[in-house]
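Student: Next comes the sequence, and after it the predicted model I'd like to discuss.
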There are 2 protein chains.
Amino acid sequence: MTDRLPVALPKAYRLLNHGPTVLVGSAHAGRRNVMAAAWSMPVDFSPPKVAVVIDRNTLTRELVDASGEFSLNVPTRAIARETLAVGSISGRDTDKFAPGTGVRAFEGSQIGAPLIEGCLAWLECRVIPEPHNQERYDLFLGEVVAAWADPRAFRDGHWQFGTAETRESAGSGGSRSLHYIAGGNFFETGEAFEVKP
Amino acid sequence: MTDRLPVALPKAYRLLNHGPTVLVGSAHAGRRNVMAAAWSMPVDFSPPKVAVVIDRNTLTRELVDASGEFSLNVPTRAIARETLAVGSISGRDTDKFAPGTGVRAFEGSQIGAPLIEGCLAWLECRVIPEPHNQERYDLFLGEVVAAWADPRAFRDGHWQFGTAETRESAGSGGSRSLHYIAGGNFFETGEAFEVKP
C-alpha cells in the first residue's frame, strides 16, 4: 500500500501548482478507468477547485459524466511508462487495471473513483456542473473534497524533492513528478530553488 | 532584442503542455501591465486555445476585460526574481516596466498586449468571451493567434533543453522554464526523457 497522509484542503492547490501531468481516475456502476492528462490546473485556493480537460471520446468522460466525480493523481518518473500507456489506450478496449499492466488502484475516502498506487499525491474531486464548458470545451471544473500525499514527497504543505539535500536520493529513485510534452517525451520536475523578495 | 521564430499554431500547445509558470501581458488605452500566473493550461490543439486564471482584483484583469487580449510568456530561471516580483506587486501601484525593474517588453504581431523580453516562448491570445467563467471563476479562455519561441529553447516543434546533451550548457545558464509552488519557491524544468510505447 502506498504510504499517504491527508493534505489540509487550503494547501491542496500546491499539489498541482507546478503543473505536473496527472492521472484521472473515474468509476461508475461497476466500471472504472484511468487516463493521463497534461491539461489540468488549480483554479481556486479554498475551497480548492481544479480544472481538467477530459476529451468527449474517452471512457473517462462517460464515467465522469455519469458519476460526477474524478480523482487526480500525481505520478512519478518511476511510473512514466504506465502513465504513457494509460494515456494511449482506451478503457473501452482494455481493462487498464488488469494484472500485468502494473496499474493498481485503492479506494478514496469521499468519492468512488479509484486512486492510483505509486503516485505522489491524490486529489478527490466532485464535478462542479458547468454543462456549457463540458460540452463546448471538454473542460471540467471540480471541487477538491479530500487530498492526500506520500509524506516522503510532500508534507507540512511543502514538496520535499528537488532540494540540494534530497537531489541524490530522490532524483535517482525516479520519485519526482512528470511534465508531459508530446510523443512519449517528458520532463521530470527539476531542481527546487527559492527567490527572496 | 530576444531572438525568436514563429511557432506553427498546431504546435503552440507544446509551449505550455509541461505546465510552466507564465507571465501574462496586457494593455489597454495606453496602459500596460504584466503579472505572473501559475494557473494556465492548454485546452485545445487546433485552433489552439488556452485557459488562465486572472484574479478580479488585478490591473491585468481590468486591462484584459477592456482589450479582449493577453499574452502568455514563458520565463526562465534567469528571470525568476522578476517573475516573483511582477506576481507580488500591483500594476496599480507601480510601473512594472520602469527602468531598474529589469522587465522589458516588445510588441506582438497580432495583439496590443506586450510580450516580455528574456522569455523562452510567447503566445498572443484573444479572449474567447465566456462571461460566466470570467465572473464566477476568474477563468479566461483564449485563442492563440500567434506564437513565438527562442530557437535555442524550442524549435521544429520541440523543446531543446533538458536532454543529456544540453544539460550542462542549458542548466547552468538558467535557461530552463519555471514551475512555481508558493512563497518564492520554484522548481526549474528538469531532465528530459523519452518513454517508448
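Tutor: All right, it came through fine.
Student: spatially speaking, which residue is in the middle of chain A?
Tutor: Nearest to the geometric centre of chain A sits A:N73, at 2.3 Å (Cα atoms, centre = their mean).
Student: I figured that one was touching A:E124, is that so?
Tutor: No - using Cβ atoms under 8 Å, A:N73 is not in contact with A:E124; the gap is 10.1 Å. No exception for glycine: its C-beta is placed from N, CA and C like everyone else's.
Student: Name the residues linked to A:I128 by a beta bridge.
Tutor: Counting by DSSP bridges, A:I128 is bridged to A:L141.
Student: which residues does it contact?
Tutor: Shown in contact with A:I128 (Cβ atoms under 8 Å, 6 or more residues apart in numbering or on different chains): A:K49, A:L141, A:G142, A:E143.
Student: and the gap between the closest residue to A:P20 other than its chain neighbours and A:M35?
Tutor: Excluding its sequence neighbours, the residue lying closest to A:P20 (Cβ to Cβ, 6 or more residues apart in numbering or on different chains) is A:S177, at 4.0 Å. Distance, A:S177 to A:M35, by Cβ to Cβ, to the nearest Å: 17 Å.
Student: So what's the residue count around the residue in chain A that chain B sits nearest to?
Tutor: Proximity of chain A to chain B (Cβ to the nearest Cβ) peaks at A:G19, 1.8 Å away. By other Cβ atoms under 10 Å in any protein chain shown, 30 other residues sit near A:G19.
Student: In contact with the nearest residue to it once chain neighbours are set aside, which residues?
Tutor: Leaving aside its sequence neighbours, A:G19 sits nearest to B:G19 (Cβ to Cβ, 6+ apart; 1.8 Å). Residues near B:G19 by Cβ under 8 Å, 6+ apart: A:H18, A:G19, A:P20, A:T21, A:A38, A:M41, A:H179, B:M41, B:H179.
Student: Narrow those residues to those that are buried.
Tutor: Among those, those scoring as buried are A:H18, A:G19, A:P20, A:T21, A:A38, A:M41, A:H179, B:M41, B:H179 (criterion: 16 or more other Cβ atoms under 10 Å in any protein chain shown).
Student: Pairing partners for the last one in the sheet, please.
Tutor: This points to B:H179. B:F187.
Student: any idea how far A:W159 is from the spatially closest residue to A:I116 that is not a sequence neighbour?
Tutor: Distances taken as Cβ to Cβ, 6+ apart place A:N73 nearest to A:I116, at 4.2 Å, with adjacent residues excluded. Relative to A:W159, A:N73 is positioned 16 Å away (Cβ to Cβ).
Student: now A:T189
Tutor: A:T189 is 8 Å from A:W159, by Cβ to Cβ.
Student: surely A:T60 meets A:R32?
Tutor: No - with contacts counted by Cβ under 8 Å, A:T60 stays clear of A:R32, the gap being 9.9 Å.
Student: between these two, which one's more packed in?
Tutor: Under the criterion of other Cβ under 10 Å, the comparison of A:T60 against A:R32 puts A:T60 first, with 25 against 21.
Student: Quickly find the element holding the more buried one.
Tutor: Secondary-structure element containing A:T60, defined by DSSP states H and E: helix A:59-67.
Student: A:R126 now?
Tutor: Assigned by DSSP H and E, A:R126 belongs to strand A:121-128.
Student: That strand: what's the following helix or strand?
Tutor: Next along from strand A:121-128, by DSSP H and E: helix A:131-137.
Student: Contacts made by that next one with the rest, please.
Tutor: Against helix A:131-137 from outside (Cβ under 8 Å, 6+ apart): A:V53, A:D65, A:L139, A:F140, A:L141, B:V43, B:D44, B:K49, B:E130, B:H132, B:N133, B:L141.
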